[in-house]
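Asks: Attaching a predicted model along with its sequence, questions to come.
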Amino acid sequence: MPLTTYLLLFGSGLVAGILNVVAGGGSFLTLPILIFLGLPAVVANGTNRLAVVVQSAGAVWRFNQYGLAEWRAWLWASIPAAAGSLVGTSFALVISDEAFQKTLALLMVAVTLWTLWNPTGGAASATGRRAPGGPVLGLAFFAIGIYGGFVQAGVGFLILAVTTMAGLDLKRGNAVKVFCVLLFTAISLAMFLWQGKIDWPMGLALAAGTLAGGLLGVRLTVLKDQAWLRGAVTATVLLFAVLLWFQ
């Protein structure tokens, strides 16, 4: 690949890594970019998981350093999500490239419009510190795992909505989110790897950017206002959705 491609992947990964930790939706940037760079949709979907796993591992480490590690909440949310990811990834591996691109474009528009109405799923208003629990929340995380295993993009918004229902504030909800994403995406990545659906050069370049962005995103999570980031990304995501639909 030319140097400009590596720089593009690193830069988009940096933005996506920040966005993924602050709220979610970074894969709505990286997935279309991988497809526009010539990867088949299923390979782009698998390659993107490599970057997400690296970024999430770094974010989990940083959240632990900030004293926000609540292992009971993390594990309770992650185990059903990991089970769901097996189902979702199985669908992702058999769907046609054209069908996946159309589905991704629709999800990009739907999730972006939803986040404009309620950017963090109400997480910013939550002040409790209760850990997620109960069968309903367990089923919710299982469904999140199915979605995340299938497409990954936008799954952070869903997790924050559920952690808000559990009474977690934005900081602790984000900590649960990154650990949950790390666990079920690692499982999904292994399934894509088994099927040979990963482009390693592109994936590693993207992963380097998302790792840096994820570490920065943990720090930005402490801030109250990330509207500047959301506004800049929203227009880009909608543009990518249109381009994907007509590609």
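Replies: Received, thanks.

Asks: Low-confidence ranges, the protein, go.
Replies: 23-24, 68-69, 73, 112, 114-133, 220-247 (pLDDT under 70).

Asks: Which positions in stretch 186-198 come out as buried?
Replies: Neighbour counts over stretch 186-198 (16 or more other CB atoms under 10 Å) mark 186-189, 191-192, 197-198 as buried. In short, each C-beta sits where N, CA and C put it, glycine included.

Asks: oh, I was asking about stretch 7-22
Replies: 8-10, 12-22.

Asks: so of those, which ones are in helices?
Replies: Using DSSP state H, the subset of those located in helices is 8-10, 12-22.

Asks: Would you state the helices of this protein in chain order?
Replies: Ranges of helices within the chain are 3-22, 27-36, 41-65, 71-92, 97-117, 135-150, 155-165, 170-194, 200-221, 227-246, based on DSSP H.

Asks: The second one - contacts with which helices or strands?
Replies: Just to be clear, that refers to helix 27-36. Applying 3 or more CB pairs under 8 Å, 6 or more residues apart in numbering; DSSP states H and E, we find helix 27-36 packed against helix 3-22, helix 41-65, helix 97-117, helix 200-221, helix 227-246.

Asks: Settle this for me: Ala81 is touching Cys180, isn't it.
Replies: Yes: using CB atoms under 8 Å, Ala81 makes contact with Cys180 at a distance of 5.2 Å.

Asks: any shared contact partners between the two?
Replies: 141, 144 (CB atoms under 8 Å, 6 or more residues apart in numbering).

Asks: more crowded one of those two?
Replies: Cys180 (33 against 30; other CB atoms under 10 Å).

Asks: Leu206 reaches Arg49, doesn't it?
Replies: No: look at Leu206 against Arg49 with CB under 8 Å: they stay out of range, at 10.3 Å.

Asks: between the buried residues of stretch 186-198, which is closest to Gln101?
Replies: Nearest to Gln101 among the buried residues of stretch 186-198, counting by CB to CB, is Lys197 at 15.3 Å.

Asks: what about that closest one, distance to Gly148?
Replies: Taking CB to CB, to the nearest Å as the measure, Lys197 falls 16 Å from Gly148.

Asks: Next: Gly13.
Replies: Taking CB to CB, one finds Gly13 at 18 Å from Gly148.

Asks: repeat for Ala57
Replies: Distance from Ala57 to Gly148, by CB to CB: 16 Å.

Asks: The two - which one has more neighbours?
Replies: Neighbours per residue (other CB under 10 Å) separate Ala57 from Gly148, with Gly148 holding more: 31 against 18.

Asks: check contacts around the more buried one.
Replies: Gly148 is in contact with 81, 84-85, 88, 155, 181, 184-185, 188, counting by CB under 8 Å, 6+ apart.

Asks: what's the burial count for the closest residue to it other than its chain neighbours?
Replies: Excluding the flanking residues, the one nearest Gly148 by CB to CB, 6 or more residues apart in numbering is Val155, at 4.0 Å. Neighbourhood size, Val155 [other CB under 10 Å]: 29.

Asks: And for the one 10 residues further on?
Replies: Counted by other CB under 10 Å, the residues lying close to Met165 total 17.

Asks: Leu158 is in contact with that one, correct?
Replies: No: the pair Met165 / Leu158 is not scored as a contact, 11.2 Å apart, by CB under 8 Å.

Asks: Among the contacts of Gly148, which one lies nearest to Leu107?
Replies: Nearest to Leu107, judged by CB to CB, of the contacts of Gly148 is Val155 at 10.4 Å.

Asks: what sits against that closest one?
Replies: 24, 144, 147-148, 181.

Asks: For those, give me TSV that also has distance to Leu216.
Replies: Output for these, formatted as TSV (distance: CB to CB, whole Å):
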residue	distance to Leu216
Gly24	16
Ile144	25
Tyr147	26
Gly148	23
Val181	17
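
Asks: Who wins on neighbours among those?
Replies: Using other CB under 10 Å as the neighbour criterion, Gly148 leads the contacts of Val155 with 31 neighbours.
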